[in-house]
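Enquirer: Let's see this in three dimensions:
(chains A and B)
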There are 2 protein chains.
Amino acid sequence: MQGVDPAWLPDEAFRPIGTRRTLIRGSGPLVDTVHGEVAQACARFGGSVSRDGSPGPYDLVLELTGAESGDGGEAFTVERGDGRTTVTASGGSGLLYGLFHVVRLGETAFQDSYGPEEHRPESALRMLDHWDNVAVHPVMGQVERGYAGGSLFWADGRARGELLGRVRAYGRLLAACGINAVAVNNVNVHATEAHLLTDRIGEVAAIAGALRPYGIRTHLSVTFAAPMVLGGLPTADPLDEAVRGWWAEATARVYEAIPDFGGYVVKADSEGRPGPFAYGRSHADGANMLAAALTASDSGSAAGYGGTVHWRAFVYNHRQDWRDRTTDRARAAYDHFVPLDGQFAANAVLQVKHGPMDFQVREPVSPLIGAMPRTRLAVELQATQEYTGQQRHVCWLGPMWSEVLRFRPEEGSSVGELARGGLVAVSNIGDDPFWTGHPLAQANLYTFGRLAWQPDADPGGILDEWIRLSFGPGDTRLHAIMDGSWRTYEKYTAPLGVGWMVQPGHHYGPSLDGYEYSPWGTYHFADRDGVGVDRSCATGTGYAGQYPKPWAELYESPETCPDELLLFFHHVSYGHMLRSGKTVIQHIYDTHFEGVEEVEEARRVWAELEGLVDPARHARVTERFEEQLRTAREWRDQVNSYFFRKSGVADAHGRRIY
Amino acid sequence: MQGVDPAWLPDEAFRPIGTRRTLIRGSGPLVDTVHGEVAQACARFGGSVSRDGSPGPYDLVLELTGAESGDGGEAFTVERGDGRTTVTASGGSGLLYGLFHVVRLGETAFQDSYGPEEHRPESALRMLDHWDNVAVHPVMGQVERGYAGGSLFWADGRARGELLGRVRAYGRLLAACGINAVAVNNVNVHATEAHLLTDRIGEVAAIAGALRPYGIRTHLSVTFAAPMVLGGLPTADPLDEAVRGWWAEATARVYEAIPDFGGYVVKADSEGRPGPFAYGRSHADGANMLAAALTASDSGSAAGYGGTVHWRAFVYNHRQDWRDRTTDRARAAYDHFVPLDGQFAANAVLQVKHGPMDFQVREPVSPLIGAMPRTRLAVELQATQEYTGQQRHVCWLGPMWSEVLRFRPEEGSSVGELARGGLVAVSNIGDDPFWTGHPLAQANLYTFGRLAWQPDADPGGILDEWIRLSFGPGDTRLHAIMDGSWRTYEKYTAPLGVGWMVQPGHHYGPSLDGYEYSPWGTYHFADRDGVGVDRSCATGTGYAGQYPKPWAELYESPETCPDELLLFFHHVSYGHMLRSGKTVIQHIYDTHFEGVEEVEEARRVWAELEGLVDPARHARVTERFEEQLRTAREWRDQVNSYFFRKSGVADAHGRRIY
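Expert: The predicted model follows:
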């Protein structure tokens, strides 16, 4: 990968293995991948690797204990004794994950005795959704909400066969943080992209071929209208036999091309996409039809194809009248889907955004999670920084995601545990030489993979892991820059959970009333007296009541609602006293001044790292900090001026508000 | 023109001529056009036309009294005596205008005795600027600010040779309202369009050939950077000899292709366009260089080529910091250009937008007009309804333009008289079958032409003329719909001259803070206490002082400033009492409710006209009224809610504000 940033797999990370003697036992394609990785490291650093059991001694043994199977077998055990580190796994992917575990440990893997420790992913599906278009969309471009150059897979309507090597390298990075599934096209399936399902499935198969050596299964976003658009049928009614037959046949041909195909991702009846509502059918009807097609198998094997349909729960009225305060977009997913609990097929996964709105910098956890015990849910996060600085701002999302995943809707289970259908993130990757536009945004991808594997992991530890792999050991200053960056971003943008004060359309930079009179259901209702959305049961939209206890009670009252979500749940006066002891208006002023100061400080610290960091990477981040600071100041001044003009309340510290 | 609306030249308008006997005297191409028009009418209605002086009697004599010359000769005389109507002119274009005058008069032309009356245009240049792009611009599309379909001239990078017949018909419509010049491409000259000047001049010549039979000269927008972009020179410095030589040579080749070429239109140092500032030269230096190229002639004739450069005065800082209240975009044209008075060549025309900002529904007249007595100024109006409803709303601009043209900066001369360099309008025409998208928007084009000919004409009379020609005689209801439509539009949009409460970018529909924190220099400064821009000399930006007396004094004080411009000149409290006797806030509420009611009434009246109006035209207008009403209500509710939320003042009449 000439000129491409090595991200968290620089050659140097393989030195501890590459200088030692390794034995690999077992066979199969993923074991071949493991062997290739070790052999490459040894070629570089002078160690040795054997697959034939030639006489030892060995420093590292990587051993497949069972027959490699296509699915599962992701767990591995690692231990050290008698001067030898041993990784065992019952599946090839487990052995691969074990290898990358050793890489992460570095020299530590070969020190002292320990173990055996078993490592097993919390969820079987750890997935990236690419919102990549095949053809350039006139509004959304090549990659919808993409901030990292073009697509790795598609350009101007064609597949980028010339980048398959880079797709393979991408798969390697993903495996090294635990991701095992990729959906290769946008959930908004436009006319060109629809054809990936049928006559262009070969292009998907080529990508699948590049990802397969790293244990990654390929998924495809499809349009619910495919039987009409592609099949020429007069309907897409999910209960129509011809429609069901069409999907079964199309799916059979997909599996001919991609035997380990992962399944479909569907955005239906959402923001203008077609769906089952048009035929008076439920979303369970729609999802189950596809689930059936993904289960059937001509081969007659018991498991069938083993495919999954990921059905997105992002269904709401995007043509709302802003005058209508009785409709609350935040309620929509719960209202639509809870009545369907228990109706979804076993291989239908309902994919739920982590918050009730749309990836704002701060939202409560969606009340849908935990409310559908008889449905497999996947939780969708957004690695691409649509609302969090678009990879021009440092905004490491680990703490936010960790808060979400540790949240316990009720006593008993956390979100991470409830996400039995998997964890999904919208990818932040493109053909940018640094993969993610902002080099530090790589940390979001890495952190997502590691949290998907272990949702209760300490995000700070993951950050350190990523820093150590990517930048080498030593300096704590990068940790300082990144650890608080999400809260810094929150400070200088929309306050107290109210969200949506962004430029409409592209969502970058402030526009305080940009969505205030729009049809998108995204309002803050600021007036001269106060701001916020009353979602209480007593006087508001009743959204707070979608939560079980204790959350419903906590959110119901402005006295007990957490400060950071206050304006999401309540409309309060500017003089309202926060639990922090500050008034709302003074909190707004203070956080906005602080946020900019924190960016200034981060930029200063980054400048100190010059010489310690690869110059190209340093230069790119430096340039992004300039833009972040410019925009953070713009946010500060617009937000402060907006609320000062509305409230007339002067800043207690007399700072400059325009 | 199969399927194309006949606009103000339906066949029926020629009946009074076509049923009579006409004699045409004189020769030349425009006389041939006159003959063709009359002959066609006679063929349709049974009359006769003679050019050879065969024995009469004649009802109409059209007589060229001099030798036709290319320029001038636009005046004509009309009289009636002895049962014969006679039009005489010294030039072919005068005879053509005389013919269309007779068409406008209809049967009246042939009744009683009258005259002789002499008709002579106030200004020698009555021009339409097309903001048509050759290639589709990624943001602005085929026609920048075009609301009438595609371009008549260009599509997807190529010339629309197949539409030359329609271009000729367009020229005929223009001649019938007095327009004599057309610039065929956008003042924002992008990469493709630059080539019209050189290797693609043949495409311009083809358009010129289609317009020439109706006395219309063709002009071209050029980029100031042409010597670099097209000529490969290292500079575009207007004082550089190589640059001057390049322009001279390029211009000579233009005149080889188009002997009656009108000249160049230039937008320089404006909104990112290149210009003389880059070389430390003045705009007079820039304009005069092009003026020199347009004057020189290889033919050695005394007049030279006779070309004109139209140099736009739309120069301002479009990267302003909204925090900076000392910079006032309204001041910019005056500040930039007044120091250059007297420095422009005789064939350089400074083209000034009628207001200091950019075609808002209400602006004061630009103080630049009247402030440059030694410079030929052209006044630019905007027929395309960028900020006035985008041809989805009825907004007949005749009264606004008439107010501008009758405005007297000082005792003595009106704007119409001061516009010695001509009157220019940005075209509202496209390849739409109704020419202008909204069929009633045709009236703006017609009215512009007639006002350009006679700036002090009564606009209501022009409207009646247009209605009579386009719809036939009789009904006064259409007049009622259109006559007040500009004031209606003003009522439901931004109040009291403050402007700019539109959606950024496309400029359609309300966004009250859309431009409030932007770099465009377009603010209203609304806060909880009041709204408006202080442009007084005493406490504001000093813009009011750019006017001579009595205007400077009148605008300086909120007590004497006209209500409709109050917020343009002053920041006042919501309780400020207008000269009308209402407070500002109550005025806002009242006008917004009234504006919507007026649209409802206009729609109701239009519905009554069904059966009296061509069905296709009626249907199109009906559909547009639905959209106008929808958007007018959106304007009403957003503006009222915005100011209610800011001010907290309840509507005196208790109407619904959200």
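Enquirer: For residue A:117, give me its contacts.
Expert: Counting by CB atoms under 8 Å, 6 or more residues apart in numbering or on different chains, residue A:117 touches A:77-79. C-beta: built from backbone N, CA, C; applies to glycine.
Enquirer: Quick one: buried ones out of these?
Expert: Buried members of these, counted by 16 or more other CB atoms under 10 Å in any protein chain shown: A:77-78.
Enquirer: Among the contacts of residue A:117, which ones are in strands?
Expert: A:77-79 (DSSP state E).
Enquirer: between the contacts of residue A:117, which is closest to residue A:20?
Expert: residue A:78 (15.0 Å; CB to CB).
Enquirer: What is the neighbour count of the nearest residue to the closest one once chain neighbours are set aside?
Expert: Spatial nearest neighbour of residue A:78, chain neighbours left out: residue A:87 (5.0 Å); criterion: CB to CB, 6 or more residues apart in numbering or on different chains. Under the neighbour criterion other CB atoms under 10 Å in any protein chain shown, residue A:87 is assigned a count of 28.
Enquirer: Is residue A:87 in a helix, a strand, or coil?
Expert: Under DSSP: H, G, I helix; E, B strand; the rest coil, the three-state class of residue A:87 is strand.
Enquirer: That one contacts residue A:59, doesn't it?
Expert: No - here residue A:87 lies out of contact with residue A:59, judged by CB atoms under 8 Å, at a distance of 11.9 Å.
Enquirer: which residues of the stretch 151-300 of chain A score low on pLDDT?
Expert: Low-confidence regions of the stretch 151-300 of chain A, defined here as pLDDT under 70, cover residues A:297-300.
Enquirer: ugh, typo on my part, it should be chain A
Expert: A:1-2, A:67-72, A:297-303, A:474.
Enquirer: Relative to chain B, which of the contacts of residue A:117 is nearest.
Expert: Nearest to chain B among the contacts of residue A:117, counting by CB to the nearest CB, is residue A:78 at 53.7 Å.
Enquirer: burial of residue A:610, as a residue count?
Expert: With neighbours defined by other CB under 10 Å, the count for residue A:610 comes to 11.
Enquirer: I'd guessed residue A:585 sits against residue A:645; true?
Expert: No - counting by CB under 8 Å, no contact exists between residue A:585 and residue A:645, whose distance comes to 11.9 Å.
Enquirer: These two: which has the busier surroundings?
Expert: Taking residue A:585 and residue A:645 together and counting by other CB under 10 Å, residue A:585 has the greater number of neighbours (25 against 19).
Enquirer: Would you check how far apart the residue of the stretch 51-200 of chain A found nearest chain B and residue A:149 are?
Expert: Among the residues of the stretch 51-200 of chain A, residue A:138 lies nearest to chain B; the distance is 9.0 Å by CB to the nearest CB. Look at residue A:138 and residue A:149: by CB to CB, to the nearest Å, they are 19 Å apart.
Enquirer: now do residue A:376
Expert: Following CB to CB, the distance that separates residue A:376 from residue A:149 is 34 Å.
Enquirer: More neighbours: which of those two?
Expert: Neighbours were counted for residue A:376 and for residue A:149 using other CB under 10 Å; residue A:376 has more, 21 against 17.
Enquirer: The closest residue to residue A:394 other than its chain neighbours: neighbouring residues, count only.
Expert: Leaving out its chain neighbours, the residue that sits closest to residue A:394 by CB to CB, 6+ apart is residue A:485, at 4.5 Å. The local packing of residue A:485 (other CB under 10 Å) involves 25 other residues.
Enquirer: ditto for residue A:26
Expert: The number of residues packed around residue A:26, counting by other CB under 10 Å, is 22.
Enquirer: Would you confirm that it contacts residue A:73?
Expert: No - Residue A:26 is not in contact with residue A:73 according to CB under 8 Å; the separation is 11.1 Å.
Enquirer: hey, what's in contact with both of those two?
Expert: Looking at what touches both residue A:26 and residue A:73 (by CB under 8 Å, 6+ apart), the common residues are residue A:92.
Enquirer: Next, find the distance separating residue A:262 from chain B.
Expert: Per CB to the nearest CB, to the nearest Å, residue A:262 is found 36 Å from chain B.
Enquirer: I'd say that residue and residue A:221 touch.
Expert: No - the criterion here is CB under 8 Å, and residue A:262 misses it with residue A:221 at 11.5 Å.
Enquirer: any residues in contact with both of the two?
Expert: Shared contacts of residue A:262 and residue A:221, defined by CB under 8 Å, 6+ apart, comprise residue A:183.
Enquirer: Got the phi and psi for the residue found closest to residue A:202 once you drop the neighbours it is linked to in the chain?
Expert: For residue A:202, the nearest residue in space outside its immediate sequence neighbours is residue A:257; the separation is 6.3 Å by CB to CB, 6+ apart. Recorded main-chain torsions at residue A:257 are phi -80, psi -30, according to degrees, to the nearest 10.
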